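>>> fold the stuff below for me.
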Amino acid sequence: MMSQEAPLDPGTDSVKSDLGASIEWLQSLGVMAAALIRLAIAEISLAKEDAGRLIVSSLLIIPLLVLSWIALTVMAAWIVFMQTTSVSLALAVFATIQLFAVIFLLNRIKTYRRSLTLPATREQMLAILDEIRRNPGKP
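Below is the predicted model of the structure:
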């Protein structure tokens, strides 16, 4: 008596091959994810170093910008002095330019401070609270 076991379902081999392909695909996905994580970690460590360099460069450029601003305003005051030979008028021009810069920056600070209060979010929150007060108990 020869016993050959035939598969109960002819699609069993197909299911096994599909399962094997899926497992192989998941394994390759895992390998790719691990490689991506290693790359991200290496890139983050490089970016940390560059962030430090960026901060130092930014701090070094501030004095140069200040000196350039002063040089330009002194040059404008010098031109006024050369045209009028009035030291007090030249100093007034220098001070006026500085004052305009300060006023401009104070206005910008006021605008930024206002945007930090999240006005649109606050307005939306007040609308939601108003809706809740008008219709209590309704979702």
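>>> drop to CA atoms for contacts and neighbour counts, all remaining ones
Fine.
>>> look up how far residue 129 lies from the most centrally placed residue in the chain.
Geometric centre of the chain, nearest residue: residue 51, 13.3 Å, by C-alpha atoms, centre = their mean. In this view, residue 51 and residue 129 are 43 Å apart by C-alpha to C-alpha, to the nearest Å.
>>> go on, residue 98?
According to C-alpha to C-alpha, residue 98 stands 46 Å off from residue 129.
>>> so for those two, which sits in the more crowded spot?
Between residue 98 and residue 129, residue 98 has the larger neighbour count (other C-alpha atoms under 10 Å), namely 15 against 12.
>>> what's near enough to touch that one?
Counting by C-alpha atoms under 8 Å, 6 or more residues apart in numbering, residue 98 makes contact with residue 73.
>>> so which helix or strand takes in it?
Secondary structure assignment for residue 98, by DSSP states H and E: helix 87-116.
>>> go on, residue 129?
Using DSSP H and E, residue 129 sits in helix 119-134.
>>> for the record, mean pLDDT for that helix?
Mean pLDDT, computed over helix 119-134, is 84.
>>> what does stretch 89-104 give?
Per-residue pLDDT values across stretch 89-104 average out to 96.
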